[in-house]
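Student: Sharing a model that was predicted from the sequence below.
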Amino acid sequence: MQNQSFVTEFVLLGISQNPDVQKIVFIIVLLVYIATICGNLLIVAAIISNAALLGSPMYFFLVFLSLLDACLTSVIAPKMIIDCLYEKKTISYGGCMMQVFTGHLFSGAEVIVLTAMAYDRYVAICKPLHYSSIMNSRLCGILMGVAWTGGFLHSIIQILFTSQLPFCGPNIIDHFMCDLYPLLKLACTDTYVFSLLVVANSGLICILIFSMLLVSYAVILFSLRNHSTEGQRKALSTCGSHVAVVVLFFIPCIFEYARPPVSFSFDKIVEIFCTILTPLLNPLIYAFRNKEVKNAISKLCSRLMIVSVEK
């Protein structure tokens with residue numbers, strides 16, 4: 001099917017068309033975005049500056065998770081912040097396709113990184129004697145390559161069929177961003193097959209991986225019965241952070257894509273949670289629940305203060 005699109009730009013309705021609400025959204029999203037970028041980059045800098053942590057697979061993956069969170073929120077938040085200053089919010093056709101592509105690229109890669117982190121915890125707790133030989137630097141590098149490749153393949157599949165949709169009528173998107181289901185509603189063709197592709201390429205994958213992760217953590221919990229009380233406490237603390245992040249990421253993803261393309265009044269709230277709040281909560285969860293990360297951040301801040309005083 002060739003693209004018969006006559007639409008060169010889309011109009012976004014945003015969170016609300018009420019000017020007072022838009023001012024509140026502008027302030028909140030701006031503050032959250034700044035906090036998200038600062039929080040995630042602080043974790044990245046703290047781990048990279050600490051050779052002992054960077055050499056650990058768990059923190060190696062955490063660096064990539066933080067970078068992906070910073071990138072994911074940067075796909076949506078800046079445009080959303082700027083749009084709050086204008087009465088008419090528009091995005092070009094090319095900009096819309098780019099937003100779909102990059103959003104699914106980073107979220108697709110994050111799915112695989114979270115899976116790699118769960119596997120790392122499984123090996124560390126269930127096969128501690130073989131941990132260093134299994135989770136070596138080569139495997140960690142391969143897993144990161146798989147994450148980026150998987151994210152790219154997932155995203156390119158989405159954009160290939162989305163760019164083939166003809167848009168020849170209404171161009172108003174009742175959302176603050178471009179995404180698959182809002183675009184399907186505007187297409188001048190039967191989108192049933194495309195809807196099935198979205199469910200298969202996003203929804204079912206989310207359900208499958210989420211189920212696998214839950215099973216892996218169940219196996220980890222079952223194996224903890226053979227550990228000491230101190231070992232159980234430390235393992236539960238670490239796994240608790242991972243489980244919290246996994247739930248925050250996958251539940252909204254499943255709700256968004258593992259269903260028919262119907263609109264709900266709270267879709268925008270779910271999307272805000274996915275793209276704005278979750279990237280902020282991830283560094284908070286890891287920073288406050290992880291002693292090593294807190295110590296690394298404290299050391300980094302101390303060094304930065306010393307450098308600034310010397311200058």
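Tutor: Thanks, I have the structure now.
Student: Show me which residues of the host helix or strand of Pro279 are buried.
Tutor: Using DSSP states H and E, the element containing Pro279 is helix 278-289. Judged by neighbour count (16 or more other Cβ atoms under 10 Å), helix 278-289 contains these buried residues: Thr278, Pro279, Leu280, Leu281, Asn282, Pro283, Ile285, Tyr286, Ala287. C-beta: built from backbone N, CA, C; applies to glycine.
Student: Which neighbouring elements make contact with that helix?
Tutor: When contacts are defined as 3 or more Cβ pairs under 8 Å, 6 or more residues apart in numbering; DSSP states H and E, helix 278-289 packs onto helix 19-48, helix 57-83, helix 229-257, helix 291-310.
Student: could those helices be laid out in CSV, adding mean neighbour count?
Tutor: Converted to CSV, those look like this (neighbours: other Cβ atoms under 10 Å):
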stretch, mean neighbour count
helix 19-48, 17
helix 57-83, 21
helix 229-257, 17
helix 291-310, 13
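Student: I'd like the ones you listed written out as CSV, with distance to Thr162 added.
Tutor: Listed next are these as CSV, based on distance: least, Cβ to Cβ, whole Å:
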stretch, distance to Thr162
helix 19-48, 25
helix 57-83, 15
helix 229-257, 13
helix 291-310, 38
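Student: pull the CA atoms of stretch 125-133 into PDB?
Tutor: Only the C-alpha atoms of stretch 125-133 are listed here, as PDB (Å, rounded to 0.1, in the frame of the first residue of the first chain):
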ATOM      1  CA  ILE A 125      21.700 -15.300  43.800                       C
ATOM      2  CA  CYS A 126      21.100 -18.700  42.300                       C
ATOM      3  CA  LYS A 127      24.600 -19.400  41.000                       C
ATOM      4  CA  PRO A 128      26.900 -17.300  43.100                       C
ATOM      5  CA  LEU A 129      30.000 -19.600  42.600                       C
ATOM      6  CA  HIS A 130      29.700 -19.200  38.800                       C
ATOM      7  CA  TYR A 131      28.700 -15.500  38.800                       C
ATOM      8  CA  SER A 132      32.000 -14.000  37.700                       C
ATOM      9  CA  SER A 133      32.500 -16.500  34.900                       C
END
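Student: buried residues in it?
Tutor: Residues Ile125, Cys126 are the ones in stretch 125-133 that count as buried (16+ other Cβ under 10 Å).
Student: contacting residues around it?
Tutor: For stretch 125-133, the external contacting residues (Cβ atoms under 8 Å, 6 or more residues apart in numbering) are Val123, Ala124, Ile134, Val219, Ile220, Ser223, Leu224, His227, Ala235, Cys239.
Student: what's the answer for stretch 146-156, then?
Tutor: With Cβ under 8 Å, 6+ apart, stretch 146-156 has contacts from 64, 101-102, 104-113, 116, 201-202, 205.
Student: Apply 7 Å and report the result again.
Tutor: Applying Cβ atoms under 7 Å, 6 or more residues apart in numbering, the contact partners of stretch 146-156 are Phe101, His104, Leu105, Phe106, Gly108, Ala109, Ile112, Val113, Ala116, Asn201.
Student: confidence score at the last one?
Tutor: At Asn201, the model reports a pLDDT of 78.
Student: and the residue lying closest to it once chain neighbours are set aside, how many neighbours?
Tutor: Leaving aside its chain neighbours, Asn201 sits nearest to Ile157 (5.5 Å; criterion: Cβ to Cβ, 6 or more residues apart in numbering). For Ile157, the count of nearby residues is 16 (other Cβ atoms under 10 Å).
Student: Do I have it right that Ile157 meets Ala200?
Tutor: No: judged on Cβ atoms under 7 Å, Ile157 makes no contact with Ala200 at a distance of 9.6 Å.
Student: Include mean pLDDT and distance to Thr90 when you put the helices and strands packed on helix 278-289 into CSV, please.
Tutor: Shown next, in CSV, are those (pLDDT from 0 to 100; distance: least, Cβ to Cβ, whole Å):
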stretch, mean pLDDT, distance to Thr90
helix 19-48, 91, 15
helix 57-83, 92, 9
helix 229-257, 80, 24
helix 291-310, 77, 40
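Student: And those: which comes nearest Asp174?
Tutor: Smallest distance to Asp174 across the helices and strands packed on helix 278-289 (Cβ to Cβ): 13.7 Å, for helix 57-83.
Student: dump the residue contacts of the residue nearest the centre of the chain.
Tutor: The centroid of the chain falls nearest to Ser107 when counting by Cα atoms, centre = their mean (4.4 Å). If you count contacts by Cβ under 7 Å, 6+ apart, Ser107 has them with Leu72.
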